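# sequence? don't have it. structure:
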């Protein structure tokens, strides 16, 4: 990891090491914005598909390491595939709903708002990170699902 990358991940490393899961999730969003070069309100699905593999690998490794294998992009991807999601970058609403139910982003058919998530190790397997922080995108045009599907595909193409 070069000096720039090391500095980029310093706060995230600190939050994860201290079990500050909500702050770590928010920092994951900030790091992804830095890597993509724009804020999430301006992201396109293609931006997610172009995240450098090195950065995505570091983010995933940190989450997996500090959560004891409970959280991370690779953990989420495996759950998504297990419920029928495909790793082609396309949005599959049924698979995303099943995934959301399994990781408890959705309970009783209702999407949880960001502040309703469980920000500790008692969260369901794959519950974090939920790096797209805004609830408006969650339901609006399925953007949260489209972004998630793209990220799951990117982890596969990066061999994470």
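Here it is on my side, so go on. This structure is a prediction, so every number in the text was calculated from the model and none was measured.
# in the helix or strand where residue 26 lies, what counts as buried?
Using DSSP states H and E, residue 26 maps to helix 21-36. Going by neighbour count (16 or more other C-beta atoms under 10 Å), the buried part of helix 21-36 is 21-33, 35-36. C-beta here means a position set from N, CA and C on the backbone, and glycine is covered the same way.
# Over the following helix or strand past that helix, what's the mean pLDDT, rounded is fine.
Per DSSP H and E, the first helix or strand lying C-terminal to helix 21-36 is helix 45-49. Taken as a whole, helix 45-49 has an average pLDDT of 85.
# Now do the buried residues in helix 45-49.
45, 47, 48.
# Now do it: distance to the chain's middle.
Computed by C-alpha atoms, centre = their mean, to the nearest Å, the chain-centroid distance of helix 45-49 equals 13 Å.
# Stretch 13-21 now?
Counting by C-alpha atoms, centre = their mean, stretch 13-21 comes out at 16 Å from the chain centroid.
# ditto for stretch 66-83
How far stretch 66-83 lies from its chain's middle: 10 Å, per C-alpha atoms, centre = their mean.
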